[in-house]
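J.: sequence and predicted structure are below.
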Amino acid sequence: MAKDDRPPKRRRVRRRMRWGRFFGFLIFLGVVLPLLGLGYGAWRLDSDVHALKSDYHARNFVAMASSLQQAGGTLGIMRSASLLLGWMDAVPVLRGYYLNGMSVLTAAQMDVHAFGDAIPPVLDAAEGGGSSAAKTARVSQAVSAAGLKMQQLEPQLLGANRQIQSMNAHRWPGILSRKGLSVPEIKAVSDTLIRMLPTMTGRHPILASLMGFPNPKRYLLIFENSGELRATGGFMTAFAYVPFHNGKLGKITSQNIQTLDTQVTYRPTPPTVVGLYLPVLYWHLRDANSAVAGTNFGMPDVPEAVHNIYQFYNSIPNAPPVNGVVFIDTWFVDDLIGDVGGLNVPTLRGKTVHLTAQNANYEMEYMAEGLALPANVRKLFIGTMMKELMHDVFHGHTSELLKVAGTISLALRHEHVMMYFNNPKAEQFVANQNWGGIIPQHVNGDYVEVIDENLLGHKDNYWMHESYDVNIKTENGQNIETVTVHWRETGIDTGKPPYLVVPYHSWVSVFAPPGSTLDSMTATASGGNGAGGGIDSGIQVTDDTVVNKVEFGAHMNLPARLSKYQPDATGTLVATITLPAGVNINHILLQKQPGLKAEPVTVTVNGATRHIVLNSRTWLTF
């Protein structure tokens, strides 16, 4: 039978078969094949990462360089497979997911190749033998070569960051977010990497020096408890020595900060405003972030606080020299505990306590206050916890390390981690990135910062809700600024251990531009048991020449709340200030107090109002 003489039914079947094969081929080419490629790439990438970690722990940096290049190749395979999914770009529901995936693969491939070219040769040079002088010269040469290489690769890294910053957080699989690959964290890590590029490039990169290439470095890590607010984040309750040599993190040793205090020989007279509440005969290292040189109190500037800490620390006989100080607060530690999936911490009584991001604050306070342990050991649990946490952070799974990287990036922005380096170039870099808790001496506009210092040695700030309003009006040619601070404490003073909540007593300061004058400062308090509250001991005005600001301060007290049947204790402080002539009131810098997670702020300038949640230093323009 001739082809054209076939029955119509058979011709239709043949056409359907041909179209079926064609669509089947398209599905294989556009769906099955790329998914197979991505699956193979994910399996191989997991193997590459495992090999990379093994090479690093074995100190085999030649193999590490090869593993990095192989991982870059694997990411290239996955990117090529993803190109076959390009049809998703034309489907509105899928377009965002596809573009996000391509951005991550492209950026990761660029970054892996860049760091694979620059970093392993430096680490390999540090592992070689020879005399000390020869090794130092070899490492210095490798570091310079790596810095110049990173300078060449900078456009590639900037391009990778542009890819990451273009991602849409609403088009991302939830399962990846739970694995530590959320879009905000990826963006934060990439942004932090780009911010750090200036420390990695050039003939003498700063970052290499900070990590002990070729000379060892040691840093003082201070854990601040934000439940007991201080000007730079919280009460300094534990410390650790963090050593680096040739990029290798040494053994971390951590203890209760009172073990340092017992060795201090520098014992200045405490500031008067503190002595009203803390019955101490002399000032302590553990409170040095609340006073500068024993005179000004409530100094929120980290470099000055470090200067004060050094006065105490350097008076300790045979104290190990340190090259800088890193402050970390409670909220950062909570997040890290969550990132590593919780901690199992041994206690003095032979039991193991499981810490989570939710219960860590209470458990630490219970160990410190609730077990009636001797004063010399009651905070050893915090030091033990810090050791366990640092170990888990630096030895976590890949997914945990990604979460940790995101947490560190956000903590630097929000001043839950603050750094000070003795190295002037490194400290200037920290200042440029706003990672150092520094008050700018010169501000092109208005400046407002509210500092709340919890003075009675308890942890009320875990239950404290704090906010403030700034209202600026131009009257008769003068700019009158009214700062109103609000407190609401939901905690209950049970009178039982752990003694976390007591009647709230704090030193409150409002910082304003130089030349500002105080018109009035008043306070009211209510709720709780109805007893006490408001300002006592007078108002203090200080021209702070170090940060070039004026501080208006007073003691603020809230009534005690003794049971859940009593209303929340509340308080309000109102400071009315005349700003100096020439201050641009339409351009305002708001600086957040370190140690606060976030603070609602309302700013009104001649009737125009803005509402923000202050979680980092913020400029407002009206």
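T.: In hand now; what should we look at?
J.: can you pull out the low-pLDDT segments for the stretch 351-500 of the chain?
T.: 369-380, 398 (pLDDT under 70).
J.: scratch that, the chain is what I was asking about
T.: 1-20, 179-180, 273-278, 291-299, 348-349, 369-380, 398.
J.: center of it - which residue?
T.: The residue lying closest to the centre of the chain (Cα atoms, centre = their mean) is residue 411, at 1.2 Å.
J.: confirm that one sits in a strand?
T.: No - Residue 411 sits outside any strand when classified using DSSP: H, G, I helix; E, B strand; the rest coil, being helix.
J.: just give me the neighbour total for the residue nearest to residue 460 when sequence neighbours are not counted.
T.: If the residues on either side of it in the chain are set aside, residue 460 comes closest to residue 504, at 5.0 Å by Cβ to Cβ, 6 or more residues apart in numbering. The way it works is simple: take the backbone N, C-alpha and C, and place the C-beta from them, glycine included. A count of neighbours around residue 504, defined by other Cβ atoms under 10 Å, yields 30.
J.: residue 504: what's it in contact with?
T.: Contacts for residue 504 (Cβ atoms under 8 Å, 6 or more residues apart in numbering) come out as 454, 456, 460, 464, 487, 489, 556-558, 569, 571.
J.: buried subset of those?
T.: Among those, those scoring as buried are 454, 460, 464, 487, 489, 556-558, 569, 571 (criterion: 16 or more other Cβ atoms under 10 Å).
J.: tell me how far the host helix or strand of residue 519 lies from the chain's centre.
T.: Under the criterion of DSSP states H and E, residue 519 resides in strand 517-526. In this view, strand 517-526 has its centroid 34 Å away from the chain centroid, taken as Cα atoms, centre = their mean, to the nearest Å.
J.: which neighbours does it have in its sheet, and in what orientation?
T.: Here strand 517-526 is paired, per DSSP bridges, with strand 569-578 (antiparallel).
J.: just the CA atoms of the strand it pairs with, as CSV, please.
T.: Only the C-alpha atoms of strand 569-578 are listed here, as CSV (Å, rounded to 0.1, in the frame of the first residue of the first chain):
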residue,chain,number,x,y,z
ALA,A,569,6.7,48.2,85.6
THR,A,570,7.0,51.2,83.2
GLY,A,571,9.1,54.3,83.0
THR,A,572,9.6,57.4,80.8
LEU,A,573,12.5,59.8,80.7
VAL,A,574,12.2,63.1,78.8
ALA,A,575,15.3,65.1,77.9
THR,A,576,14.7,68.5,76.2
ILE,A,577,17.8,69.8,74.4
THR,A,578,18.6,73.0,72.5
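J.: in the helix or strand following that strand, what counts as buried?
T.: Next along the chain after strand 569-578, taking DSSP H and E as the criterion, comes strand 587-590. Residues 588-590 are the ones in strand 587-590 that count as buried (16+ other Cβ under 10 Å).
J.: relative to residue 231, which of these is nearest.
T.: Closest to residue 231 out of the buried residues of strand 587-590 is residue 590 (16.4 Å), distances taken as Cβ to Cβ.
J.: let me see the contact set for the residue nearest to the closest one when sequence neighbours are not counted.
T.: Distance criterion Cβ to Cβ, 6+ apart; nearest residue to residue 590, sequence neighbours excluded, is residue 618 at 4.9 Å. Under the criterion of Cβ under 8 Å, 6+ apart, the neighbours of residue 618 are 589-590, 592, 612.
J.: rebuild those as JSON lines, extending it with distance to residue 436.
T.: As requested, these are exported to JSON lines (distance: Cβ to Cβ, whole Å):
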{"residue": "589", "distance to residue 436": "16"}
{"residue": "590", "distance to residue 436": "18"}
{"residue": "592", "distance to residue 436": "14"}
{"residue": "612", "distance to residue 436": "22"}
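J.: from the residues you listed, which is closest to residue 95?
T.: residue 612 (32.3 Å).
J.: measure residue 366 to residue 347 for me?
T.: Taking Cβ to Cβ, to the nearest Å as the measure, residue 366 falls 10 Å from residue 347.
J.: can you give me the strands in the stretch 101-250 of the chain?
T.: 217-225, 235-245, 248-249 (DSSP state E, counting those that start in this stretch).
J.: I'm done for today, thanks for sticking with me.
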